[in-house]
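Novice: Sequence first, then the predicted structure, then my questions.
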Amino acid sequence: MWPVKFKPVAMERIWGGDELKSMFGVTTDRPIGEYWVISAHPNGMSVVDGGPLAGKSLQELVETYPDAYLGKHSPQPRFPLLVKFIEAHDDLSVQVHPDDAYAEAHEGDAGKTEAWYVLDAPEDGRVILGHSFPDRDTYLRAVREGRVREYLTYRPIRKGDLVFVPSRTLHALLRGTKVLEIQQTSDVTYRVYDWDRVDSNGKPRELHIEKAADVIAYGTEPPVPEPVTMADEPGFQWRRLVSCPYFTIDLVRVNERSAEMEVGVRGNPDCAIVVAGAGQLRCVAEGEEVRLSVKAGDALVIPADVPRYAWETDGELTVVRAFYGSSGP
């Protein structure tokens, strides 16, 4: 089968902004906070943009060609990764996502472990990642007394960082930050605190205090993954940023050359998201050589029956590659 690019799905958010609109061809004057670029979730389904499969949804690809677009090792019956560009013009709510067991029991959805590749951040940029609540009772008392902010843990960030956010981790992106988010396919969020703001109708957004109390991890610190260098040669750098049971994320930089790679897990598709520069994806699909032009903002699924592919550029190209299934021997 063929590699496919998708049309972005723009999501209006109260905390969204305007700076990424030109990248995605969005002209609305409403604040856009998220661009879902690979998604099989019904709340924002991806549709193929161009090529032989133009107009088909990612869910249709998975149902019609499961071996190619879902693969042999998916943790969900639908495409298990959801990829977004996020622009935080204002602070996001302080929130937490449940794990699989809680989400399936209470929401009929998957849990949500996610990771952020930082595209841009202020000079003093930071995120909320973790907390100092020792137990549920302390958390609920802080909510009642309006003292949640006293218990939040902040972490400094800069462009190029990878922030890993396992399910049950209290967290928030803060103003001025842009990230590429890779997560489990899920749309379950429990808000704990929303900075006392109101929407366009003068109403505060819904909070989910009790459900958050159920799922917050107390007495633990979020892990900080150590990147691993996979390749470092003239014009080609490849680093593994994080690997967990739900996904592996790599950063690939190519400079004035062609660099060939194998699919992340044999028998599964790859996701590839261009975060800077421009170039081409070259591979053999359906017995023919395919060259697909790519630029910043493009998101592709490379099918499982394309075991090798190459990135080519006359300038510079930076790609975040994500895949699921075991990457070990």
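Specialist: Nice, thanks for sending it over.
Novice: What segments of the stretch 101-250 of the chain are strands?
Specialist: Assigned by DSSP state E, counting those that start in this stretch, the stretch 101-250 of the chain shows strands spanning 114-120, 126-131, 152-156, 162-165, 171-172, 177-184, 190-193, 228-233, 236-243, 248-262.
Novice: elements contacting the shortest one?
Specialist: Of the remaining helices and strands, those touching strand 171-172 by 3 or more CB pairs under 8 Å, 6 or more residues apart in numbering; DSSP states H and E are strand 94-96, strand 126-131. (Glycine included, C-beta is placed from N, CA and C.)
Novice: Redo these as a markdown table? Include distance to residue 119.
Specialist: Listed next are the helices and strands packed on strand 171-172 as a markdown table, based on distance: least, CB to CB, whole Å:
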| stretch | distance to residue 119 |
| --- | --- |
| strand 94-96 | 20 |
| strand 126-131 | 13 |
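Novice: now for these, which one comes closest to residue 312?
Specialist: strand 126-131 (34.5 Å; CB to CB).
Novice: want to try CSV for the helices and strands packed on strand 171-172, with mean pLDDT, distance to residue 59 and mean neighbour count as columns?
Specialist: As requested, the helices and strands packed on strand 171-172 are exported to CSV (pLDDT from 0 to 100; distance: least, CB to CB, whole Å; neighbours: other CB atoms under 10 Å):
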stretch, mean pLDDT, distance to residue 59, mean neighbour count
strand 94-96, 98, 26, 22
strand 126-131, 98, 32, 22
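Novice: Touching, residue 224 and residue 166? I think so.
Specialist: No. Using CB atoms under 8 Å, residue 224 is not in contact with residue 166; the gap is 11.4 Å.
Novice: These two: which is more packed in?
Specialist: residue 166 (20 against 11; other CB atoms under 10 Å).
Novice: Quick check, pLDDT for the more buried one.
Specialist: Residue 166 is assigned a predicted lDDT (pLDDT) of 98.
Novice: Would you quantify the distance from it to residue 72?
Specialist: Note on residue 166: its distance to residue 72, by CB to CB, to the nearest Å, is 25 Å.
Novice: what does residue 93 give?
Specialist: Counting by CB to CB, the gap from residue 93 to residue 72 is 38 Å.
Novice: So these two - more neighbours on which side?
Specialist: Each of residue 93 and residue 72 has its neighbours counted (other CB under 10 Å); residue 93 has more, 20 against 12.
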